[in-house]
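S.K.: Below is the sequence, then the predicted model.
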Amino acid sequence: GQSLEQPSEVTAVEGAIVQINCTYQTSGFYGLSWYQQHDGGAPTFLSYNALDGLEETGRFSSFLSRSDSYGYLLLQELQMKDSASYFCAGAGGATNKLIFGTGTLLAVQP
Amino acid sequence: DVKVTQSSRYLVKRTGEKVFLECVQDMDHENMFWYRQDPGLGLRLIYFSYDVKMKEKGDIPEGYSVSREKKERFSLILESASTNQTSMYLCASSLRQGAGETQYFGPGTRLLVL
């Protein structure tokens, strides 16, 4: 089957660095995306890793290791506005549908 | 900017009613998706469409059907609503399929079935 697992909750303080992990089980996996969703809002695209390694976009970085079936989202210089749910998502297998992880609720404290 | 709109933010229906949720996108995207979001389960794909009049089942299609008569519009239909279909429903669109393709989401419809 295809599944992506994430920690349900992570707490960090303003200005800190936090890493949100995503482990997956799927065959023929093509890459990993990350989405952010504020409470009551729509998910919005953050990043995509097509290849192994680190992709950096401002304060956010995303990493993929396909040999380890593992990726993470790294948020630096945390701000209160980063409090949100974060979802990893991937496409793999015969259908190439996008499959979302279970989501991680990040709480940034002052 | 891509805009995806959904017909209602909140909806209350009774068990057995037929429910229509509509989604419209304005970016001429080929692909449209319907998800439901439940706490602890993330987003689960109900149906998607890669072209007008084309549809494919997602991971949880039971109890749902869809219609795509025009490229910009994708409707989700609950033929006979049940209480276990109480959920947040999210519509999305993308230019193409695949992990690298950005999906643009609508604001969601929170459906309560009594």
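M.R.: Great, that's in hand.

S.K.: C-alpha only now, for contacts and for neighbours.
M.R.: Noted.

S.K.: Just give the nearest non-adjacent residue to B:Cys91, would you?
M.R.: Leaving aside its sequence neighbours, B:Cys91 sits nearest to B:Trp34 (CA to CA, 6 or more residues apart in numbering or on different chains; 4.7 Å).

S.K.: Then A:Glu56?
M.R.: Nearest-residue entry for A:Glu56: A:Ser62, 6.5 Å, with adjacent residues in sequence omitted and distances by CA to CA, 6+ apart.

S.K.: count of residues packed around the residue nearest to B:Cys91?
M.R.: A count of neighbours around B:Trp34, defined by other CA atoms under 10 Å in any protein chain shown, yields 25.

S.K.: Would you verify that it is located in a helix?
M.R.: No - using DSSP: H, G, I helix; E, B strand; the rest coil, the secondary structure at B:Trp34 is strand, not a helix.

S.K.: list the contacts for it?
M.R.: B:Leu45, B:Ile46, B:Tyr47, B:Phe48, B:Leu76, B:Tyr89, B:Leu90, B:Cys91, B:Ala92 (CA atoms under 8 Å, 6 or more residues apart in numbering or on different chains).

S.K.: Would you format the residues you listed as TSV with neighbour count and secondary structure included?
M.R.: Formatted as TSV, the contacts of B:Trp34 follow (neighbours: other CA atoms under 10 Å in any protein chain shown; DSSP: H, G, I helix; E, B strand; the rest coil):
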residue	neighbour count	secondary structure
B:Leu45	22	strand
B:Ile46	23	strand
B:Tyr47	23	strand
B:Phe48	26	strand
B:Leu76	23	strand
B:Tyr89	24	strand
B:Leu90	26	strand
B:Cys91	31	strand
B:Ala92	28	strand
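
S.K.: which two of those lie the greatest distance from each other?
M.R.: Maximum pairwise distance among those (CA to CA): 13.2 Å, between B:Phe48 and B:Tyr89.

S.K.: Checking the closest residue to chain B within chain A next. Helix, strand or coil?
M.R.: Relative to chain B, the nearest point of chain A is A:Thr102 (4.2 Å; CA to the nearest CA). Judged by three-state DSSP, the three-state class of A:Thr102 is coil.

S.K.: Looking at it now. What's its pLDDT?
M.R.: Here, the pLDDT recorded for A:Thr102 equals 90.

S.K.: Need the nearest residue in space to it, chain neighbours excluded.
M.R.: Nearest non-adjacent residue to A:Thr102 (CA to CA, 6+ apart): B:Gly42, at 4.2 Å.

S.K.: Assess the claim that that neighbour and A:Gly101 are in contact.
M.R.: Yes - contact criterion CA atoms under 8 Å: B:Gly42 and A:Gly101 qualify, at 6.0 Å.

S.K.: ok, now which ones touch the residue nearest to B:Lys71 when sequence neighbours are not counted?
M.R.: Spatially, and ignoring its direct neighbours in sequence, B:Lys71 is nearest to B:Val52 (5.4 Å; CA to CA, 6+ apart). Contacts for B:Val52 were tallied using CA under 8 Å, 6+ apart; they are B:Arg68, B:Glu69, B:Lys70, B:Lys71.
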